[in-house]
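Chemist: Take a look and give me a structure for this.
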Amino acid sequence: MKNKWIVSAIIIALGLFLLGQRIESGIVKSKEAVRTVSVKGLSEREVPADRVIWPLVYKELGNDLISIYRAVNTKNEIVIDFLKSNGIPENEISVAPPSIVDMQADRYNNLNNPYRYNVTSVITVSSNQVDKVRELIVKQASLLEKGVAIVSGDYQYNTQFLFTKLNELKPEMIAEATQNARVAAEKFAKDSDSKLGKISSAYQGQFSIEDRDANTPYLKHVRVVSSVVYYLKD
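Modeler: Below is the predicted model of the structure:
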């Protein structure tokens, strides 16, 4: 009886071993059968900005707030008249409340400063007339003749050129990026004596919009990279 149990146990163990070998062999063959190639496709465009935000900033110094208030109102009217007379409609112009710094109340300021108040006024143009605004940026020096000195160089008030029509470009650019990825995959398949199969997976990268260069912020560089994984066939 005991010998029969031993023989049965050996047979079962041998069967499990052979089954495991078959399963392992099947997994290896399955892995060998699935071959893929991962590629990337790029699409780029250069486009003009279609919206501009232009802050016109000037400062007024003085010791009497009432006099400063009157001067700011007068200069605001001069700036607004300059904009309107050059084709900027009223609904594209906004005037921010003046920012007032009491330099005597700020212990970090120079106590020898002859002026107590430093007032900053900001008039902002938000427009789709990009070319028109670019012309006015050049012509703004004419405001000096009327006593308004527009200041620049303050990082808080940089002119922004924007591109807002990305959705119109997306379908075409995604298709181009995917096609470019397929071209790369076909080249790889050909070089490896394989044939290109269906898409296993795909990932569309984020679109980026940047200035073409530092000197032409009104020209934008749009870019997207798509990653695609294809099956390979013998």
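Chemist: And the helices in the protein?
Modeler: 2-33, 65-85, 130-139, 166-191 (DSSP state H).
Chemist: Does anything pack onto the last one? Which helices or strands?
Modeler: Helices and strands touching helix 166-191, by 3 or more C-beta pairs under 8 Å, 6 or more residues apart in numbering; DSSP states H and E, are strand 35-48, strand 195-204, strand 219-233. Bear in mind the C-beta positions are built from the backbone N, C-alpha and C, glycine included.
Chemist: got it, and the third one?
Modeler: Helices and strands touching helix 130-139, as assessed by 3+ C-beta pairs under 8 Å, 6+ apart, comprise strand 51-62, strand 117-127.
Chemist: who does the closest residue in space to residue 212 that isn't next to it in sequence bridge with?
Modeler: Leaving aside its chain neighbours, residue 212 sits nearest to residue 219 (4.1 Å; criterion: C-beta to C-beta, 6 or more residues apart in numbering). Following DSSP bridges, residue 219 is listed with bridge partners residue 48.
Chemist: Distance check, residue 219 against residue 51.
Modeler: According to C-beta to C-beta, to the nearest Å, residue 219 and residue 51 sit 14 Å apart.
Chemist: again with residue 152
Modeler: Separation of residue 152 from residue 51 (C-beta to C-beta): 20 Å.
Chemist: Over to residue 177?
Modeler: Distance, residue 177 to residue 51, by C-beta to C-beta: 25 Å.
Chemist: cool, and residue 80?
Modeler: Distance, residue 80 to residue 51, by C-beta to C-beta: 20 Å.
Chemist: again with residue 73
Modeler: 29 Å.
Chemist: who has more neighbours, the two?
Modeler: With neighbours defined as other C-beta atoms under 10 Å, residue 73 and residue 51 compare such that residue 51 has more, 16 against 13.
Chemist: Might you report the residue contacts of residue 154?
Modeler: With contact taken as C-beta atoms under 8 Å, 6 or more residues apart in numbering, residue 154 is in contact with residue 57.
Chemist: ok, it to residue 57 distance?
Modeler: 7 Å.
Chemist: hmm, which helix or strand of the chain has the shakiest average pLDDT?
Modeler: Least confident helix or strand, the chain: helix 2-33 with a mean of 52, by mean pLDDT, DSSP states H and E.
Chemist: which one is residue 49 nearest to, not counting chain neighbours?
Modeler: Nearest to residue 49 is residue 161, by C-beta to C-beta, 6+ apart, at 3.7 Å.
Chemist: So what's the predicted local confidence for the closest residue to residue 128 other than its chain neighbours?
Modeler: Among residues not flanking residue 128 along the chain, residue 51 sits closest, at 5.5 Å (C-beta to C-beta, 6+ apart). Per-residue confidence at residue 51 stands at 98 (pLDDT).
Chemist: ok, residue 51 - contacts?
Modeler: Counting by C-beta under 8 Å, 6+ apart, residue 51 makes contact with 126, 127, 128, 130, 161, 162, 163, 164.
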